[in-house]
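Asks: Dropping the sequence and predicted coords here.
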Amino acid sequence: RLRSIKGLEKLRELPKEEKNLLLNHFKQFIEADKKVTLFEFVLYTILHRQLGPKAGHATKIRFKHIGQVLDACVLILSVMAIVGHSDSASRKKAFNAGTSYLDLGPQRLVESGFNLTDVKNALDDIHDLAIMPRMKILKAVVETVLSDNQIRTREAEFLRSVAEALDCPIPPILSTTSFS
């Protein structure tokens, strides 16, 4: 559903103040009903990454090791498991596939108590990690998606927003999986 954002090139040409105003208004709009849908989150993440204050700038590395962003990893893997699965057992299986890939040891799936800001902050922290561990985390997110050998549209959308937020290409996964 979300293949490209038409007009993004024109939006990039806006003055900084107008881009900030646009992002602010968009955030207020999606939060107005006190319920942020996955599509709204994906769109906001992509817009913020492309138009926000860090757009076009090199990543300032604050972290070198995955352990330094452990809580952020757990949250993002949890959200991906929730996005892709409706029952607790499937969520746990998917989550464990991601944490196992990262050798995180036993971790607890976070099923509640977080919001859009928490997810955005987690993505920001992981974004500020050195590139190789950041790419490994994205691969763990892919492992979470592929735990059942299917990619749901919602999973693909969230995966795209994670990849965009982390400034990493999505690994090739389409040839071995089915879409639903």
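Replies: Perfect, I can see it now. Numbers count the residues shown, from 1 in each chain.

Asks: Flag the shaky bits of this protein, pLDDT-wise.
Replies: 1-6, 173-180 (pLDDT under 70).

Asks: Okay, helices next: where are they in it?
Replies: 8-12, 16-31, 38-51, 70-84, 88-101, 116-127, 131-145, 153-166 (DSSP state H).

Asks: and residue 61, which of these is closest to it?
Replies: Taking CB to CB, helix 131-145 is the member of the helices of the chain nearest to residue 61, at 8.3 Å. All C-beta spots, glycine's among them, are computed from the backbone N, C-alpha and C.

Asks: just checking, what packs against the closest one?
Replies: Here helix 131-145 touches helix 70-84, helix 88-101, helix 116-127, helix 153-166, going by 3 or more CB pairs under 8 Å, 6 or more residues apart in numbering; DSSP states H and E.

Asks: Run through who's touching that helix.
Replies: For helix 131-145, contacts defined as CB atoms under 8 Å, 6 or more residues apart in numbering pick out 59, 63-66, 69, 73, 76-77, 80-81, 84, 94-95, 97-102, 126-127, 129, 151, 155-156, 159, 162-163, 166-168, 170-171, 173.

Asks: Give the buried residues for that helix.
Replies: Under the neighbour-count criterion of 16 or more other CB atoms under 10 Å, helix 131-145 has 133-145 buried.

Asks: Dump those residues to CSV, plus distance to residue 8.
Replies: Shown next, in CSV, are the buried residues of helix 131-145 (distance: CB to CB, whole Å):
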residue, distance to residue 8
133, 29
134, 23
135, 24
136, 28
137, 25
138, 22
139, 27
140, 28
141, 23
142, 25
143, 30
144, 28
145, 25
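
Asks: So which residue is dead centre in the chain?
Replies: With distances taken as CA atoms, centre = their mean, the residue of the chain nearest its centroid is residue 162 (2.4 Å).

Asks: Thought residue 76 was touching that residue, still the case?
Replies: Yes - here residue 162 reaches residue 76: they are 6.4 Å apart, a contact under CB atoms under 8 Å.

Asks: Just the CA atoms of stretch 104-112, as PDB, please.
Replies: The C-alpha coordinates for stretch 104-112 follow below in PDB (Å, rounded to 0.1, in the frame of the first residue of the first chain):
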ATOM      1  CA  LEU A 104      20.100 -11.200  23.700                       C
ATOM      2  CA  GLY A 105      19.400 -14.000  26.200                       C
ATOM      3  CA  PRO A 106      16.000 -14.300  27.800                       C
ATOM      4  CA  GLN A 107      13.900 -11.200  27.200                       C
ATOM      5  CA  ARG A 108      10.300 -10.400  27.900                       C
ATOM      6  CA  LEU A 109       7.900  -9.400  25.100                       C
ATOM      7  CA  VAL A 110       6.500  -5.900  25.800                       C
ATOM      8  CA  GLU A 111       2.800  -6.100  25.000                       C
ATOM      9  CA  SER A 112       1.500  -2.900  26.600                       C
END
